[in-house]
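Student: Quick check, what structure comes out for this input:
(2 chains)
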Amino acid sequence: MSEPRKAVALISGGLDSLLAAKVIQEQGIHVEGINFYTGFCVEGHTHAIRKKDKAKPKRNNALWVAEQLGIKLHIIDIIEEYKDVVINPKHGYGANLNPCLDCKVFMVQKARQWIEKKDFDFIITGEVIGQRPMSQRKDTLPVISRDSGANELLLRPLCAKNLEPSKPELEGWVDRDRLYGFEGRTRKPQMALAASFGFEDYAQPAGGCCFLTDKQYSHKLADLWKARGERRYELDDIMLLKVGRHIRPRPNFKMIIGREEGENRFLQGYRKQYTHMLTISHKGPLVLIDGETSQGDLDLAAQITARFSQGRHADKVDVEVHTRDGKSQSLQVQPMAGEAIPGDWYL
Amino acid sequence: MSRNELDARCMLCPMPVIRTQEKVEKLRVGDTLTILCTDPGAIHDIPAWCRVNGHEVLGVQQKDEEITIHLRVGEE
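Tutor: Got it, this is the predicted structure:
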């Protein structure tokens, strides 16, 4: 008996990739999953950091999907390579700083390299025509196939009947009649298919799995690039954009203010890399200062820090400042009134 | 059979899983690996990764903020 054909499925953890992999598994194909970590993935991070979220159940949905399917899952770190996708997207951005089309091209390209190395036969994605405004349109799906170099080795089981046949279909590895022709933003066909497979508990489709689709997050990233005078980032930068309250009182510096105990603890890990301050006379947040500051800037930042402490209504609050060169100083400041902080300082 | 350790403290998921995966790729069947981490998500994610990839979880312990997971490398 011949070996079954082998496919790798891009597993995001959502319903579409779960179904796409299941549809192909049902045709006797050996399927393994691949999941890419860009650094912008929403999965789990804020839950891990914020104390108030600690009671919420945590699970990695891609791993959960792999368990439901009984397939292996390979999680790949693409943080460094992905920077070029975010900074120089050939096809531009979506509504925010989300380079969705370039992102999909890049991931399918990585999957193509993976199948070449592992001697797999083709690639599966859960894409559906019309599901997403940028990367899942009738005119952009062929772009992904072409620019990724996957070409006819890329099969989209959920909308294959609306597309030209792929190699797995032409070669008879999979039966095109047992694939689907889903189209549009409605989720009903997917939900019906999930029910037919007995899947009842799956990740609910929401605002996407990437922080770059989030308006406020993109605003903070754009601010970071503007303040630095160049479009670049490190992993720590994009992690910190997910945490705390970000306030830019002056063009030359920004404050990252912990909102609760979990965030304060997370920010503590960055104390050596950043000038930071904390209130001494009253309970309050840990605050990181990103940028070069004068003494006047530190005085202003201390007043704002005091505003977010339990001493916000006190006449004076003691604030301890630790600069990156290892020096420290104590300041006694009057907390800034909440209404005195202009709205456009908040990022 | 070798005993190995991985320090994944202060990493947020899925990085502890990715580092575990990278470490296991270099080990042999039957080798053991002890992973230290602080992200509570790892309590679920590393055992889930072991289950789907055929590795055996020997134990999971949590003391305050620190989590220790022991695994034995399975067949490829």
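Student: Phi, psi for A:Q310 please.
Tutor: A:Q310 adopts backbone torsions of phi -70, psi 0, taken as degrees, to the nearest 10.
Student: ok, so what distance separates the closest residue to A:N96 other than its chain neighbours from chain B?
Tutor: Setting aside the residues directly before and after it, A:N96 is nearest to A:S218 in space (CB to CB, 6 or more residues apart in numbering or on different chains), at 3.6 Å. Just so you know, the C-beta spots here come from the backbone N, C-alpha and C atoms, and that holds for glycine as well. Plainly put, A:S218 is 20 Å away from chain B if you go by CB to the nearest CB, to the nearest Å.
Student: How about the stretch 201-347 of chain A: which residue is closest to chain B?
Tutor: When distances are taken as CB to the nearest CB, the stretch 201-347 of chain A reaches nearest to chain B at A:G269, 5.6 Å away.
Student: residues touching that residue, list them.
Tutor: Under the criterion of CB atoms under 8 Å, 6 or more residues apart in numbering or on different chains, the neighbours of A:G269 are B:C10.
Student: in the helix or strand the residue nearest to A:N96 falls within, what's buried?
Tutor: Taking DSSP states H and E as the definition, one finds A:S218 inside helix A:215-228. Under the neighbour-count criterion of 16 or more other CB atoms under 10 Å in any protein chain shown, helix A:215-228 has A:217-221, A:224 buried.
Student: what do you get for stretch B:16-32?
Tutor: Buried residues in stretch B:16-32, defined by neighbour count with 16+ other CB under 10 Å: B:16-21, B:23-24, B:27, B:31-32.
Student: Please, where are all the strands along chain B?
Tutor: Remark: strands of chain B, listed N- to C-terminal, are B:3-8, B:32-37, B:56-63, B:66-72; assignment by DSSP state E.
Student: Can you list the helices and strands that the longest one packs against?
Tutor: Using 3 or more CB pairs under 8 Å, 6 or more residues apart in numbering or on different chains; DSSP states H and E as the contact test, the elements touching strand B:56-63 are helix B:42-53, strand B:66-72.
Student: Put together a markdown table for the ones you listed, with mean neighbour count on each row.
Tutor: A markdown table is the format used below for the helices and strands packed on strand B:56-63 (neighbours: other CB atoms under 10 Å in any protein chain shown):
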| stretch | mean neighbour count |
| --- | --- |
| helix B:42-53 | 22 |
| strand B:66-72 | 18 |
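Student: between those, which one is nearest to chain A?
Tutor: Ranking the helices and strands packed on strand B:56-63 by their distance to chain A (criterion: CB to the nearest CB) puts helix B:42-53 first, at 4.2 Å.
Student: Assign A:F120 to helix, strand or coil.
Tutor: For A:F120, the reduced secondary structure class is coil; criterion used: DSSP: H, G, I helix; E, B strand; the rest coil.
Student: mind listing what it touches?
Tutor: Applying CB under 8 Å, 6+ apart, we find A:F120 in contact with A:6-8, A:32, A:114.
Student: Apply 7 Å and report the result again.
Tutor: Applying CB atoms under 7 Å, 6 or more residues apart in numbering or on different chains, we find A:F120 in contact with A:6-8.
Student: Repeat that for B:P16.
Tutor: Applying CB under 7 Å, 6+ apart, one finds that B:P16 lies in contact with B:8, B:35, B:37, B:39, B:42, B:46.
Student: on that earlier part again, okay, the buried residues of helix A:215-228 in CSV with distance to A:G130 next?
Tutor: Shown next, in CSV, are the buried residues of helix A:215-228 (distance: CB to CB, whole Å):
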residue, distance to A:G130
A:Y217, 26
A:S218, 24
A:H219, 28
A:K220, 31
A:L221, 28
A:L224, 34
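Student: Also compute the angle for the strand or helix carrying A:E80 relative to helix A:215-228, please.
Tutor: In the assignment (DSSP H and E), A:E80 maps to helix A:79-87. Between helix A:79-87 and helix A:215-228, the angle formed by their directions is 90 degrees, by axes from the mean of the first three to the mean of the last three CA atoms, to 10 degrees.
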